[in-house]
Structures are given as C-alpha cells and as structure tokens.
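**Student:** The amino acid sequence is not available; the structure is as follows:
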C-alpha cells in the first residue's frame, strides 16, 4: 500500500489569506466543521459571510431565520424553460453552511452565496455536463492518499476522525486544512474540469466585490478543496475571461423540505453523509454518544421482535471502546459503534442490523417549509389539499386504508391518483378492485420523496392546480397515443381520478379511433379494461355512462372483425388471439349484458364453423361454448372426431386439442367420455405420426397444474375411461324399433350370401 501512496513534502511557503479575509475550508454536512466554524466566526467577527452556494438564492437567505423552517431543507434551483434541469442544495442543522447563515442573520451582518450561478450551470448542454463529470471522475478523491497513509480504508472515515468527531472548538483546524489542500494541489498533478475553474473564478470575483463594498473583515465558507484557489488571487481580467460568454437560463429558486435519507446522497454540493442521524447526535450531544446510539438500535430491534436487551447495549458500548483502543483512535466513531452492534446485537451477522438501518441512520426525518414561502403554484395547491384532507407527507412508509364510500377517503384517492398521473408516486396504487376488504376499500402505501418537489415544478407547466395539470397532461397524451388500448388506459385514469375535464375529450378520441380501427386485436385489448371501469366505477360514484356508450360501439365491431382475424394465421398469432379471447370471455361474463353475451356466443359458433379458422382457435371456441352449456357433448365429440381424423395432419389435431383444453385439465378430469375420445385417438395415431404429435401434446399438458396432471394420470391408469363411455352412438335417442325393422332385410342378404 505504501508504494501506491505519493509522498507529500511540506510546501516551503504556503500562501495565507490577508488579515481582512478568513477562508474556512469545511466538509459539507460536517458537525465538527460546523462547531469549529461557529467558534472561528465568533472570534473573527466578520462584517460579511460569503458561502459556497447558488447566488440566485441570496434573496431567500433571510427566510432561514424563520423558526418554522425546520431542517433538513434544501434550496431548489431550476430552469424556468426546462424544469427538469434543476439543482438541489440541502442543509441540515449540523451543516456548516446552515450554521454560518444562522450566525450572520442573528447578528444582522451580510450573508451571500458565491458559487457559480446556476443560471450558467443549468444552461449548459448535456454534453458539456457529461464532459465535466468525466474530468471530475478522472481526478478521483484527492484526499484519499492521505487517508490510506494514515491507515484508513477511505476518506470518509479519516476525515470524520480528524475533523467531524472532534469535540473541541478549534481555530487551528482551518489552518491545517488549508495547508493540507495547498500541498495536495501543488504536489499532485490533478486534472481540473473547466466548470470547476469557473466556479473558483466566480468565488474570487465575489470576494473582490465584497472588498469593493468596503467590507473590512470578510469570512468565506467553502469546501476545503477550494481554499488554495481563493487565497492566491490572479488578475481580475483572467477570471473575467474564464467567465465570459457563458450561456444563461432563467432561474427560479425555492425552499423545499428535504429528508435525512436524501441527505445521504451526493447532491448539490456533491457531498453526502453516511448517517445523518449519527451526525445530528454528534452535533447535539458531542460526548458520550455510545449509550444513546446503541440504545436506539436496541429499541428498533425490539420493535421488530428481535432480541436486544440492556445487557446487549452495555456490552456493545464496552466493545466499541475496546475497538477504539485497538485501532488507536482517540474516541469511538460511527464505525466502532456499528461494528460493535453487529458483533453483539447481531451475533456477528449484520442482517438484523440491515433491517433497521434505514430507521437507525435516517430516523424518518423530513424537514418543513412554511406554506407562505415562495413556491410553484402546484406545490401551493398540494399543500392546501394535504391540509384539508389531513394527509401530510412523511419520510416513513405508511399504509393508508381508504373506504371509498366516505367522501373524505374518495377525495384522498383522487389526490393520490392525480399525483400519479403527473409522475409523482407518493402512493403505490392498489388494484382496481381490492377484494381484501371488499371493493369499497383501497390500500395505499405512502412514502414521500423530497425530489417530488422537482416533479411538481416540472408539472406546473400543465396548470396551477393538480386537477387542471393532470387533466391537461391526459389530453396531451391522448393526442400522441398510438393504440386504442392506450386511450382506454388514459380514460381509466381520468375516471378514477375524477377528472371531468379530461373524460369527454378522451371518450371522443376513443370513438374516433374505434370507428376507424380495423385491427381486431386492439379492439379486444380495449374491451377488458373498459368493462372493469364500468363494473367498478360506481363504487367511486363515478358516472360510467360514457363507458357504456363506448362498449356499445366496440363490442359489435369486435364481433364483426373476429372471424376474419382468425383465419389463415400462424400458431403464434393464434395463441396471442386466444389470450385476448380468454380475457374478453371473462369480461363479458362479468358484464352480464344479455345482448352482448348472445352476440358473443353466436360469434364463437361462427368461429368454430369456419373451415379456415386456425384449429387452436376452433378448439378454444368449442371449449367456451361447451363450458357455457351452449353445446351438447355429441356435437363436441363429432367436432373432435373430425379434427382428429386420420385424413388431417397430426399437428392440426394437436392444435385443436390445445385450444379445447385451454391450459387446464379440469375438463378431462371430470368428463370421462371426452377423456376416452382423446385416449383412443392417441392410441390410434400411426407410429410415423406419433413422433410429430408427441411434442405438441407435451406442450399442452405441461401447462396443466401439477395436481391436475397427477389426477389425470390416476384416472387414465385406473381405466375408468371405458370404451363404452365413448361412442356418441350410444345415445339416449336410439330408436330400437327402427333398428329392428331392418333385420329382415339383413337376414335376406346374409341368406343370399350364404347360399352363394
């Protein structure tokens, strides 16, 4: 390892800031940095505090003094023309930037953000952003060599030990950080992206501007890596040249709630922390953290019915102290406490701790932003609806059981569905008919994600309310929909979300598409969801009369187009059509419209009678008619005999049987006569054809459930399919008197033959 770590010689002369300027290099979201920063700011008594952050948010900084703005929160900066282009700058209570803001606002001194404006960054093309990302990746982690040299596996652990877990309020730590960064940047030949150079150029420009405003003591709070670039000031014209000609976009800024879970992601400043809940404890308590941290773990484990006693907690605290001594650390860190918890509470297995990791490290914390703060219109409408419907956002997953007979619960369902239409999946949707507690209930799983704030901004271009925006979006999608089934899904969404403004345009679009639709597969695909809407729409007190009107148009057209679609097609197309027919059969049976059912049975009869109908579909049609008791066994046996005739190709008979059985062996199990017909046919297949037929039949019978195959085998083995059960000639309609009338004729013939 030592060979891979470059040796850093101490720079003979390190440039230090002038007396009127103090540059504090911090780690974003670091509690130790924040504690030392407050002490340093108090000692320096600056007249203005400059902070690495988006300058567009300077007008919103003063709102951070409001006590009802509860971290974690974030500054959301987005392009007005393309809201998808957005940056988020999160803050926790223990973030050094947040504490610097509070310090300045409490003393009435100036505070400004000085990073490169997002109006330039968000105006960049995607290619430029990817190039900068590639250069940053090429640079890697510049501090990692120092962490490796100190015996740490990664920079996070090393920095946490040296800076964030320090319990003192040190002024010297910032001098040491600055010297370290100067040495790194001068000794290591690290690539720097153009965007990074521009950021540092703009920070220097802001420092010059603060001096021009006659501030005599200027404090700069920035990421530690940038401190050398802000001390050695190049000529102003050099920075101006770097910043000249940058593209610019119109920008909007807002405070939005954030969560501890999202604080662990690298965003905004490019920094994320492993355990925000641990850092909060480190910030608030400072010392003797082990008992509280491990007690929290034990409490969460017990809530999941896992063993974790007080003895476990005490022993884990002792083990963490021992690990600290073995590892030559000054105080136990998060690593020692986590390792001790796994060893003691998990008995060396980390799986139990993984079960509680999300609650342990993130604590379900979600910040709050006052409703009177600047926000997108859609966000304001959502806030009002959440308040009226008593449905507040939470970073913890919750189950919401809605009774659709209640007006309040129906409105809640409408809200969640409208958000889903806009791409904001606050709730995981239930099935259209939740049968667990009856069709009046919907079960939702709710989990609010902070990035939904960005989606709300983007969706604001469709309207200023959720109802208006979701209706407009559905109307826009209806124009670009390529298939009839897509329009039906959109109508489904509109009906269940109670979007009256979108329903009529969608119905008109479906009627126009259906009138010109020649593809029967699309008609079949559309009927099933429409029937489901018709059946369950009334639970929500939704007017489904328009759906009935559509079905009156679609179903007869389907009857007309089905027969031509079933002839002269290959097996793959036939199987696809069979799947659609099965779905329509179930839907029409549930619809219980006598006229439609009669037309459907007649359509199936014509399908079976067609000479060019694919045998798979013919067999399936006979099965549906037989199940509906619209076809006597004798007619079925006759059709089966024709299909299995020796004059037909073996694969034709196998396909017919596959369609007849329809993926289930129930019919063969309970119908001895039909089973006997098939058994005798298979026994009589010529040897040269048996090899062709066997794979086709194997595919058919392999789709039967295991239990059905077992019972069917037992029936065949027992020989219950007697030959006497087969012949349809043994009919109850046999006319014995007419048969006896031919006996004299037969006797005369036989006598004549015998005399010859």
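**Tutor:** Structure's in. What do you need? All figures in this text were calculated on a predicted structure; none of them were measured in a lab.
**Student:** Now do the helices in the stretch 651-756 of the chain.
**Tutor:** Per DSSP state H, counting those that start in this stretch, the stretch 651-756 of the chain carries helices over the ranges 666-670, 672-684, 687-702, 706-718, 736-741, 743-755.
**Student:** For these, please prepare TSV with the additional fields mean pLDDT.
**Tutor:** TSV is the format used below for these (pLDDT from 0 to 100):
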stretch	mean pLDDT
helix 666-670	73
helix 672-684	74
helix 687-702	72
helix 706-718	75
helix 736-741	76
helix 743-755	65
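**Student:** mind putting the ones you listed in CSV, mean neighbour count and distance to residue 505 included?
**Tutor:** Backbone N, C-alpha and C define where each C-beta goes, glycine included. Below are the helices of the stretch 651-756 of the chain laid out as CSV (neighbours: other CB atoms under 10 Å; distance: least, CB to CB, whole Å):
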stretch, mean neighbour count, distance to residue 505
helix 666-670, 16, 45
helix 672-684, 17, 51
helix 687-702, 13, 46
helix 706-718, 13, 48
helix 736-741, 8, 69
helix 743-755, 9, 77
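**Student:** Out of those, the one nearest residue 240 is which?
**Tutor:** Nearest to residue 240, of all the helices of the stretch 651-756 of the chain, is helix 687-702, at 75.2 Å by CB to CB.
**Student:** for that closest one, packing partners?
**Tutor:** Applying 3 or more CB pairs under 8 Å, 6 or more residues apart in numbering; DSSP states H and E, we find helix 687-702 packed against helix 650-661.
**Student:** what's the angle from the helix it packs on to helix 672-684?
**Tutor:** Comparing the axes of helix 650-661 and helix 672-684 via axes from the mean of the first three to the mean of the last three CA atoms, to 10 degrees yields an angle of 160 degrees.
**Student:** any idea of the angle helix 650-661 forms with helix 687-702?
**Tutor:** Going by the same axes, to 10 degrees, helix 650-661 is angled at 20 degrees with respect to helix 687-702.
**Student:** And the contacts of helix 650-661?
**Tutor:** The contact list for helix 650-661, computed with CB atoms under 8 Å, 6 or more residues apart in numbering, reads 571, 574, 578, 614-623, 640, 643-645, 667-668, 678, 681, 685, 689-690, 692-693, 696-697, 699-700, 704.
**Student:** on that earlier part again, how about a markdown table for the helices of the stretch 651-756 of the chain, with distance to residue 279 added?
**Tutor:** Formatted as a markdown table, the helices of the stretch 651-756 of the chain follow (distance: least, CB to CB, whole Å):
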| stretch | distance to residue 279 |
| --- | --- |
| helix 666-670 | 62 |
| helix 672-684 | 72 |
| helix 687-702 | 58 |
| helix 706-718 | 55 |
| helix 736-741 | 98 |
| helix 743-755 | 105 |
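**Student:** Tell me which of these approaches residue 86 most closely.
**Tutor:** helix 687-702 (52.3 Å).
**Student:** Pull the residues that contact that closest one.
**Tutor:** With contact meaning CB under 8 Å, 6+ apart, helix 687-702 is reached by 650, 651, 653, 654, 655, 657, 658, 661, 665, 682, 685, 709.
**Student:** so how far is residue 383 from residue 402?
**Tutor:** Taking CB to CB, to the nearest Å as the measure, residue 402 falls 21 Å from residue 383.
**Student:** So among the contacts of helix 687-702, where is pLDDT lowest?
**Tutor:** By pLDDT, residue 665 ranks lowest within the contacts of helix 687-702, coming in at 66.
**Student:** how does the chain divide into domains?
**Tutor:** Under the assignment automatic domain parsing, the domains of the chain span 2-263, 288-362, 377-462.
**Student:** want to try JSON lines for the ones you listed, with mean neighbour count and distance to residue 484 as columns?
**Tutor:** As requested, the domains of the chain are exported to JSON lines (neighbours: other CB under 10 Å; distance: least, CB to CB, whole Å):
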{"stretch": "domain 2-263", "mean neighbour count": "18", "distance to residue 484": "30"}
{"stretch": "domain 288-362", "mean neighbour count": "17", "distance to residue 484": "43"}
{"stretch": "domain 377-462", "mean neighbour count": "18", "distance to residue 484": "19"}
